[in-house]
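for reference, the sequence and a predicted model appear below.
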Amino acid sequence: MEFYGTQLSSRLMLGTAQYDSPALLAQSVEASKASVVTVSLRREAAGAQAGQAFWSLVKSLGVHILPNTAGCHGVREAVTTAHMAREIFGTDWVKLEVIGQGDLLQPDVFGLVEATRILTEDGFKVFPYTTEDLVTAERLLKAGAEVLMPWGAPIGSGRGLNNIFGLRALRAHFPTIPMVIDAGIGRPSHATMAFELGFDAVLINTAVAKAGDPVRMGEAFRLACDAGLAGYAAQPIEERDMAVPSTPTLGLARGLAVE
Ligand SMILES: CC(=O)[C@@H](O)[C@H](O)COP(=O)(O)O
C-alpha cells in the first residue's frame, strides 16, 4: 500500500501516547508489525530531555514517523505545529488534527480544509483527521490532501465504527483515494471490519496502549488486520434479509415420500 508514493510494509499505524513505559511501547510496535507510528509534537518539545530520549526510541523502531497536530484547536496553531514538527522530525508527512468540539474531540472540518490548503501549498503531505462527511472529503481533496483519515468513533472511545453506513458511502464515493480509519477503534474485530469495508489502513492508539497486555494486543491487531484484508480480497457474499438454504434439499426422505 502506498501513501504519498511511500510503500508501507503493513496497514497498521500505531499511536505512541499513553504507554506505561517506553519499553512497552517498543515491544507493542514490534508485536503489531506496524509500519507507521504517529508522534505528537506537544510531547516531544524540542530540546527537552524526555523528548530526546523518546525520539531516540522512536527512531530505533525502524518505522515511518507521522507527526500529528493533536490538541490543536485552530488553523494557525495547527499550521505552526506542523512546521515545527517538520523541522524536528525531518518529514513532510503530517497527521492534521484541528479539533472543533471538546466533548467528542470532533474535527473542525472548516478549519481542517483551510489548514490542509495552507500546508499543502507549503509542501506538506497532509493526512487530515476528518469525519465521514462526503462534502468535507471532497473539499479536503480539492485543498490538496491525497489521503483521508475518517474517524471510526471519537478518539479514545473504543466504540469501533460508529457510522458504518456513512463510512461505506465514503469508501464507495472515493474508491481510489487511500483512506485510513483513525480513532475510536477499541477491539481487533473493529479493525477487521474496517478492512472488510475496503479501507486501506487503520490508526490505533488507546486500544493498544491501555490494554491489560499491550504487547499481546499489538499482536492481536496485527492478526485482525491480516484477517480483514484477506476477507476483503476474497470478496464476501452479499447480506440478505431472507434465508437461503445452504444444504441441498434434493433427495431428502420427505421429498421421496411425496413422489
Ligand atoms: C494518537 C492519535 O493520533 C490519536 O489522536 C488517534 O486519533 C488515535 O485514536 P485512538 O486513541 O482512539 O485510537
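Happy to help now that I have it.

could you pull out the buried residues of the lengthiest helix in the chain?
Determined from DSSP state H, the single longest helix within the chain is helix 214-233. With burial defined by 16 or more other Cβ atoms under 10 Å, the residues of helix 214-233 counted as buried are 214-215, 217-222, 224-229, 232. C-beta here means a position set from N, CA and C on the backbone, and glycine is covered the same way.

can you check stretch 91-102 too?
The neighbour-count check on stretch 91-102 (16+ other Cβ under 10 Å) flags 92-99 as buried.

which stretches in the chain count as strands?
2-3, 6-7, 12-15, 36-40, 64-68, 93-96, 99-101, 106-107, 125-130, 149-150, 180-182, 201-204 (DSSP state E).

okay if I get those as a markdown table plus mean pLDDT?
Converted to a markdown table, the strands of the chain look like this (pLDDT from 0 to 100):
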| stretch | mean pLDDT |
| --- | --- |
| strand 2-3 | 95 |
| strand 6-7 | 95 |
| strand 12-15 | 98 |
| strand 36-40 | 96 |
| strand 64-68 | 96 |
| strand 93-96 | 98 |
| strand 99-101 | 93 |
| strand 106-107 | 96 |
| strand 125-130 | 98 |
| strand 149-150 | 98 |
| strand 180-182 | 98 |
| strand 201-204 | 98 |
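
out of those, which is closest to Leu141?
Among those, strand 125-130 comes nearest to Leu141, with 9.6 Å by Cβ to Cβ.

what's the angle between the closest one and strand 36-40?
70 degrees (axes from the mean of the first three to the mean of the last three Cα atoms, to 10 degrees).

tell me the strands beside strand 125-130, with direction?
Taking DSSP bridges as the criterion, strand 125-130 forms sheet pairs with strand 93-96 (parallel), strand 149-150 (parallel).

give me the contacts around the first one.
Outside of strand 93-96, the residues that reach it under the criterion Cβ atoms under 8 Å, 6 or more residues apart in numbering are 4, 38, 64-69, 78, 82, 85-86, 112, 115-116, 119, 124-129, 149, 182, 203.

which of those residues count as buried?
Neighbour counting over the contacts of strand 93-96 (16+ other Cβ under 10 Å) leaves 38, 64-69, 78, 82, 85-86, 112, 115-116, 119, 124-129, 149, 182, 203 as the buried ones.

one step back: in CSV: the strands of the chain, plus distance to Pro248.
Output for the strands of the chain, formatted as CSV (distance: least, Cβ to Cβ, whole Å):
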stretch, distance to Pro248
strand 2-3, 45
strand 6-7, 46
strand 12-15, 41
strand 36-40, 48
strand 64-68, 51
strand 93-96, 52
strand 99-101, 55
strand 106-107, 52
strand 125-130, 48
strand 149-150, 43
strand 180-182, 40
strand 201-204, 40
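
of these, which is nearest the ligand?
strand 12-15 (3.0 Å; Cβ to the nearest ligand atom).

in CSV, list the C-alpha atoms belonging to that closest one.
Extracted C-alpha coordinates of strand 12-15, given in CSV (Å, rounded to 0.1, in the frame of the first residue of the first chain):
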residue,chain,number,x,y,z
LEU,A,12,-1.4,-0.8,10.7
MET,A,13,-0.4,2.5,12.2
LEU,A,14,0.1,3.0,15.9
GLY,A,15,0.0,6.0,18.2
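
before we move on, back to that, dump the strands paired with strand 125-130 to TSV, plus distance to Asp103.
Converted to TSV, those look like this (distance: least, Cβ to Cβ, whole Å):
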stretch	distance to Asp103
strand 93-96	21
strand 149-150	19
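
tabulate those strands (CSV), appending distance to the ligand.
Output for the strands paired with strand 125-130, formatted as CSV (distance: least, Cβ to the nearest ligand atom, whole Å):
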stretch, distance to the ligand
strand 93-96, 6
strand 149-150, 8
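
and which of the buried residues of helix 214-233 is nearest to the ligand?
Phe221 (10.5 Å).
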